[in-house]
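**Q** Provide a 3D model corresponding to the input given below.
(chains A and B)
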There are 2 protein chains.
Amino acid sequence: MTDSYTGADLRALLKEQALLEETMALASWDQLTGMPKDSGEFRAELQSYLTEKYLGVSTGDQAKALVAYFDEHASELSDDEQALFAKFKEDYERDAVVPADEYISFNKLSSSAQDAWSEAREQDDYSIYAPYLQQLIALKRKFITYWRKDEATPYDVLLNQFEPGLTVEKLDAVFNEVKAGVVALRNRLATEGTEPDDSFLHRDVAIADQRGYVWDAAVRLGYNPNKGRLDDTIHPFMQDLNRDDARITTRWATDDFQMAVLGILHEAGHGLFAQNVAPKWDYTPFNKAIAMSIHESQSLFNEVVIGRSEAFLRHDYPIMQAAFHGVLDDVDFETFYKGWMKTQASLIRTEADPLTYPLHIIIRYEIEKAIFNDDIDVETLPELWNAKYQEYLGIRPPSDLTGILQDIHWAGGDFGYFPSYALGHLYAAQFRHEMAKTLDIDGLLEAGDIQPLFDWRKEHVWQYGASKTPSQVLRDATGEDLNPQYWLDLQTRRYLQAYNVK
Amino acid sequence: MTDSYTGADLRALLKEQALLEETMALASWDQLTGMPKDSGEFRAELQSYLTEKYLGVSTGDQAKALVAYFDEHASELSDDEQALFAKFKEDYERDAVVPADEYISFNKLSSSAQDAWSEAREQDDYSIYAPYLQQLIALKRKFITYWRKDEATPYDVLLNQFEPGLTVEKLDAVFNEVKAGVVALRNRLATEGTEPDDSFLHRDVAIADQRGYVWDAAVRLGYNPNKGRLDDTIHPFMQDLNRDDARITTRWATDDFQMAVLGILHEAGHGLFAQNVAPKWDYTPFNKAIAMSIHESQSLFNEVVIGRSEAFLRHDYPIMQAAFHGVLDDVDFETFYKGWMKTQASLIRTEADPLTYPLHIIIRYEIEKAIFNDDIDVETLPELWNAKYQEYLGIRPPSDLTGILQDIHWAGGDFGYFPSYALGHLYAAQFRHEMAKTLDIDGLLEAGDIQPLFDWRKEHVWQYGASKTPSQVLRDATGEDLNPQYWLDLQTRRYLQAYNVK
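**A** This is a model prediction of the structure:
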């Protein structure tokens, strides 16, 4: 005789998961926004306790029983609950199929690897980090054998976890098109274009003035200030606890206001998504904080599609000038806009402009693929990294500090995550293309009328939360699969104009 | 056959309690320091989940089994564990003896009562709140019947929960002495004294300048900035998550720098205590955040014993003048000090000066006693309140808003808590008296040499956390029981001087 369960039992367990996630999210946000310096040890203990509780709920006896029961009785659930159950089961199986001791080893190793990565960065010495990276990869390879079903290659398994349905075959095609397009456009700008002057972007602007302008701009773009807050941090992020509490963070430099302006628009874009998920997904895994490609498409819609558009800036530039108390009064709009759009190859992904950014991602993607599909030796990664920067961007890192040691992702055990960042750019442009069929986007932006764009994004993207896969959202909203040409077209139009190419 | 347990089992349960308390403390701190305005509903849900988990641990099967086992086998525990067990058992029995449904009713009622209290304040209408207060009192009376052992009166039971060993009999004697002393001293100041001019305390001082001075002062008094932080809030408090994370909060007014200066010194005093509890009490109930009389004695030691002392201010006044950029440059120290010490009857407890403060508490104490020992009708409380203000302080609240509706404590179900505030004043003065036998307190303060005072307080008070009762700490540190005369002597000396009474 087995117990029987109802949808309410499933929802109760999902709610407990969600509440524990909310708690961990608060503790993590706090840790990154001014937690007292000396209290790291106590916080690690707290997070480890909460993680253990979370795993107890998500892979414990009740979770196991629910999976077993509803595998046989899915029809007893409502449609929404069936979708929630499918997601829950997928997560459960991914976690439960890995032996607990290996899971714990992986987490410990990842924690040590992050320390080794920090140490390697301090010493600018990859060899301190390499052995940890090697062990992490070895364990991940083992996990792939547990997870793999019908995926064509090992790396497909990892891709799929972040981007359901995505394959190496599809992504190779997309990224090759992007790579060829960007390289060609950059060549054209270099040979036919006039490089804009962007020196005024480095004039001193008081942080209070920067904050005054950009907070107002973020709110005008729809970020609800009563459901969020803005704090200082080192590596900016958005953290949502729930749809009424989606917090953004930034860093500031008095001599680089563009960083905070675009950074805050970006995080506020994530916040818009989090604030506007349909209430019916409260306390379920469809309302959670994972910033995958589709989430990134919304931060980038704010930052790039809007924040780099001439129409928006034409409306906002006088507001910015007034907020900056005269600092930009001698810079006319044409000069400002061209400087704002200057593109330049750089070594650091997080500082890259929107045209070169995908190349940074493609390099990481190709290396991850080589690691998991070609078993490449970790010793050779720095040279591979540097060679690819030379080939695609024309610059070579002088040392690993500005090369392979710049990202924490691999030390955290995250392989297959990077592509989401580039996909976000492509999705954002494809949404824009579709939106332009019914909305005069530039006219609205220049008039400061954001509401129709807000409504479109809420209707087609935000409300679904994580209840649809990114590719489903894209197909439902635009009627077609991912097509990188929209992104290339948008960038080509904008950069040819900014570089005065006729 | 019963299971057998070890000290490690006890410690594991205490640790889980402590971790859940730390989590609730973080969520509560966050709620009071800038949590997005709209997210109250989600936060209430989170806190209620955490509270339920906490109760599950502290009164669940494992707790029950541990109490039963170590009741018979206390000798198997170390000395420290025996002390922890005694405290744990006391808390367990206090919670477990109340039927769960009544406990839940009380919490729900208290939540509604707080809403009614807010509403009553908005309307300045006590009758909105009175029915809730009446029900809370009725339930509390019922709980007292569960809790009462050999206490002389019902109210003794409540007093004891906040101040172990304290009785109505003892407290009547202490408070009568204080009341008589303060009334006599205030009469003397009114007839023989010269009221100081304190108008300069209301000059405009930029908040950044206030912050600059007082944060530095708090740190000089020993508050460790790497184990704490300062945030804005409405009703200031200190919240410690652990001894490496004791956060203080304040409010600011440009035209009242004394409020923030004394307020921050006060909260930093709580922080000093929290930061300096012995590490051996980590993750136990002896290292927790309850601000009872002894905790208050340390905040008041900072705020009153130090922050109102001529010697400290003589050292700090030039620093403050410099930080305030000229605002006080025309005020000489004698004028400053006398103005700083001005005492005045006021209606609001939290705004009272240290001389009149105990009278506010004594009024509340006498009313609580009347409620629980004389079954006085809640309808008559406002008039009783107002009559006592007239009698002891010579002023009568024009309405209940500045009368009985000012404090949230009763709406929160806290009866018997108020006396701790006044006891804190008395303890602080008694510690000072003892300290003066071996330290030249004024000489040290005037020289800015805080270390010996810090060391004394750490050795005699802070390190013990909650492992000793307040009266034990007092006896061990000073060799005698509570004696309010030290407080009266200190205040008399200071106020006669400030009011030029020969």
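
**Q** How is the nearest residue to residue A:500 once chain neighbours are set aside classified with respect to secondary structure?
**A** Nearest non-adjacent residue to residue A:500, counting by C-beta to C-beta, 6 or more residues apart in numbering or on different chains: residue A:194, 4.6 Å away. In this view, the C-beta of every residue, glycine as well, is placed from N, C-alpha and C. Secondary structure assignment for residue A:194 (DSSP: H, G, I helix; E, B strand; the rest coil): coil.

**Q** What about the nearest residue to residue A:280 once chain neighbours are set aside, how many residues nearby?
**A** Distances taken as C-beta to C-beta, 6+ apart put residue A:80 closest to residue A:280, at 6.8 Å, once the chain neighbours are dropped. When neighbours are counted by other C-beta atoms under 10 Å in any protein chain shown, residue A:80 registers 15.

**Q** Going by residue numbers, what spans are strands in chain A?
**A** Using DSSP state E, the strands of chain A run over residues A:230-232, A:238-242, A:245-250.

**Q** Reformat those strands as a markdown table; add distance to residue A:273 and mean pLDDT.
**A** A markdown table is the format used below for the strands of chain A (distance: least, C-beta to C-beta, whole Å; pLDDT from 0 to 100):
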| stretch | distance to residue A:273 | mean pLDDT |
| --- | --- | --- |
| strand A:230-232 | 17 | 97 |
| strand A:238-242 | 8 | 96 |
| strand A:245-250 | 8 | 97 |
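
**Q** now the ones you listed in JSON lines, with distance to residue B:276 and mean neighbour count?
**A** Below are the strands of chain A laid out as JSON lines (distance: least, C-beta to C-beta, whole Å; neighbours: other C-beta atoms under 10 Å in any protein chain shown):
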{"stretch": "strand A:230-232", "distance to residue B:276": "29", "mean neighbour count": "17"}
{"stretch": "strand A:238-242", "distance to residue B:276": "32", "mean neighbour count": "25"}
{"stretch": "strand A:245-250", "distance to residue B:276": "32", "mean neighbour count": "26"}
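
**Q** Format the ones you listed as TSV; extra columns: distance to chain B.
**A** Formatted as TSV, the strands of chain A follow (distance: least, C-beta to the nearest C-beta, whole Å):
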stretch	distance to chain B
strand A:230-232	8
strand A:238-242	4
strand A:245-250	4
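
**Q** mind checking how far the residue nearest to residue A:500 is from residue B:129?
**A** Noted for residue A:194: a distance of 73 Å to residue B:129, by C-beta to C-beta, to the nearest Å.

**Q** Residue ranges in chain A under the pLDDT threshold?
**A** A:1-2, A:289-291 (pLDDT under 70).

**Q** what residues does the stretch 151-300 of chain A put near chain B?
**A** Neighbours of chain B within the stretch 151-300 of chain A, by C-beta under 8 Å from any C-beta of the partner chain: A:224, A:225, A:226, A:227, A:228, A:229, A:241, A:242, A:244, A:245, A:246, A:247.

**Q** if I pick the fourth one, what's in contact with it?
**A** What it means is residue A:227. Contacts of residue A:227 were listed using C-beta atoms under 8 Å, 6 or more residues apart in numbering or on different chains, and they are A:243, A:244, A:245, A:246, A:275, B:36, B:37, B:38, B:39.

**Q** That's all I had, so thanks and see you.
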